[in-house]
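J.: structural data only, the sequence is not supplied:
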Ligand code: NAP
């Protein structure tokens, strides 16, 4: 274990996880906390208190963690001694969030005077009652922090309701609305690339940039989340949060400082400048899709309607592609194409910034297509590449696109932490920059809601696309119409 320096004087930490036996806790939160512990990024006196409704004692909970979480730690990072040390931090309190007396049990288990972080890894419908009961049990003090998982609400009204309810007990500076895309190294690097260098900024605007594409493609289907997913859909699950946050990082003006509010003010301006889509725009500029039977990862898989717990006549979209505009000087007439879907050809998240081609074709052998692209790959690998035109060796002036690869892996030998680990450390250290502020969240819903309502008015079935493909043909037509193409 590496030793920490600035955490030595920190308050003892009580990390209290609601939904401590859930999928997120097992796959992401506990492995991330293990990694933080391994690298000395937790305060010396840390306790992780998981809660859930199972009648478990501590030993049974530790066995559950052994069986369900340990395998999500990469073997290169695993060692028995650290794991045993990590398990020593863990405790379990049986708690039903509807039962006030259970919060007294929790209060008795908490360290007096500790820095309390409440991680709400449950359905957002439970956030209001959890916060109210935490406060009633005297667990919320000025040092306390609360982490809220997405999706925060179902629409603007429900988001406001949750924000109001949480805000009764926690100040905005105590609330960490998590969007794990903001924890990705490459996304944070994009800010450095844009604002830590001067060469890009003069180009980073219309008409030098001709379009921006943001894709978050998942290879998996809805799996065991079908019940939740069918009432949510890709727009609420992915676009309203992850894709809009990525769009903000691409489009924001340089902040005046790196303070959380300075950064979030600029992101908010982007969200508020997003052009609202009217019904005719929705019909023309958005594409909903739903996967049907196909081949994914060399295996035949069924369509969305064949998934367990999905109604046979469901019109829920598992794919969205749309064209958005940001009505500012910088982005005037630059289309932002957003695309996300399940059961797509492969897992791939990337941002592609396309620059305008040279205004005059000097070289007769210039190949078609876009000469310059900045490609920021987020998944499965993180990478930043700048595509430029170069001359092929030999006589004549044959040209070809080559990639200037910012090889961050080789440039920096340091380990690259996973997004949840980085964000959890931010919470522990009180760094809010990479978390969404209330007004940002509400501005995102204010843009997304009319689109969802428009779809409901249009009442069309989503376009079918084969599992294992890049989505319906209409999504390709959306870009082709403007002379662009998706970069896979
Ligand atoms: P999950 O597996 O269904 O876990 C939810 C947890 O909530 C369960 O452990 C359950 O605990 C607990 N719970 C439900 N009712 C409760 C009650 N009355 N009292 C106490 N605990 C109660 O869900 P999840 O996948 O972990 O997701 C948790 C949250 O994270 C959701 O908001 C989800 O949208 C969000 N999220 C999840 C993922 C992911 O990859 N899983 C990714 C992004 C965001 P018991 O049944 O043990 O009581």
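T.: All right, it came through fine. As the structure is a prediction and not an experimental result, all values here were calculated from the model.

J.: what residues does the stretch 151-300 of the chain put near the ligand?
T.: Within reach of the ligand by C-beta under 6 Å from any ligand atom, the stretch 151-300 of the chain has these residues: residue 151. Bear in mind the C-beta positions are built from the backbone N, C-alpha and C, glycine included.

J.: okay, strands next: where are they in the stretch 151-300 of the chain?
T.: 175-177, 209-217, 286-292, 294-296, 299-301 (DSSP state E, counting those that start in this stretch).

J.: save these as JSON lines, and put in mean pLDDT too.
T.: Shown next, in JSON lines, are the strands of the stretch 151-300 of the chain (pLDDT from 0 to 100):
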{"stretch": "strand 175-177", "mean pLDDT": "98"}
{"stretch": "strand 209-217", "mean pLDDT": "98"}
{"stretch": "strand 286-292", "mean pLDDT": "98"}
{"stretch": "strand 294-296", "mean pLDDT": "94"}
{"stretch": "strand 299-301", "mean pLDDT": "94"}
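
J.: among those, show me which one is buried the most.
T.: strand 286-292 (a mean of 25; mean count of other C-beta atoms under 10 Å).

J.: list phi and psi for the closest residue to residue 120 other than its chain neighbours.
T.: Leaving aside its chain neighbours, residue 120 sits nearest to residue 18 (5.1 Å; criterion: C-beta to C-beta, 6 or more residues apart in numbering). Here is the backbone geometry of residue 18 (degrees, to the nearest 10): phi -90, psi 130.

J.: quick check: bridge partners of residue 18?
T.: residue 51, residue 120 (DSSP bridges).

J.: roughly how far does residue 459 sit from residue 169?
T.: 41 Å (C-beta to C-beta, to the nearest Å).

J.: over to residue 423?
T.: Distance from residue 423 to residue 169, by C-beta to C-beta: 22 Å.

J.: the two: who's more crowded?
T.: More crowded of residue 423 and residue 169, by other C-beta atoms under 10 Å: residue 423, with 23 against 20.

J.: the more buried one in helix, strand or coil?
T.: With DSSP: H, G, I helix; E, B strand; the rest coil as the basis, residue 423 sits in helix.

J.: which residue does this protein have closest to the ligand?
T.: Across the chain, the shortest distance to the ligand (C-beta to the nearest ligand atom) belongs to residue 22, at 2.4 Å.

J.: what's the spacing between that residue and residue 120?
T.: Residue 22 sits 11 Å away from residue 120, going by C-beta to C-beta.

J.: again with residue 375
T.: Noted for residue 375: a distance of 35 Å to residue 120, by C-beta to C-beta.

J.: compare the two (neighbour count), which wins?
T.: Neighbours per residue (other C-beta under 10 Å) separate residue 375 from residue 120, with residue 120 holding more: 22 against 18.

J.: distance check, the more buried one against residue 25.
T.: From residue 120 over to residue 25 (counting by C-beta to C-beta), the distance is 11 Å.

J.: run through the bridge partners of the closest residue to residue 337 other than its chain neighbours.
T.: Distances taken as C-beta to C-beta, 6+ apart place residue 213 nearest to residue 337, at 4.7 Å, with adjacent residues excluded. Residue 213 has the following beta-bridge partners by DSSP bridges: residue 337, residue 352.

J.: verify the contact between residue 213 and residue 335 for me.
T.: No - assessed by C-beta atoms under 8 Å, residue 213 is found out of contact with residue 335, at 9.0 Å.

J.: let me know the pLDDT of the nearest residue to residue 210 once chain neighbours are set aside.
T.: Nearest residue to residue 210 in three dimensions, chain neighbours excluded: residue 356, at 4.6 Å (C-beta to C-beta, 6+ apart). On pLDDT, residue 356 comes in at 94.

J.: run through the residues that contact residue 356.
T.: With contacts defined as C-beta atoms under 8 Å, 6 or more residues apart in numbering, residue 356 is in contact with 207-210.

J.: relative to residue 245, which of the residues you listed is nearest.
T.: residue 209 (19.2 Å; C-beta to C-beta).
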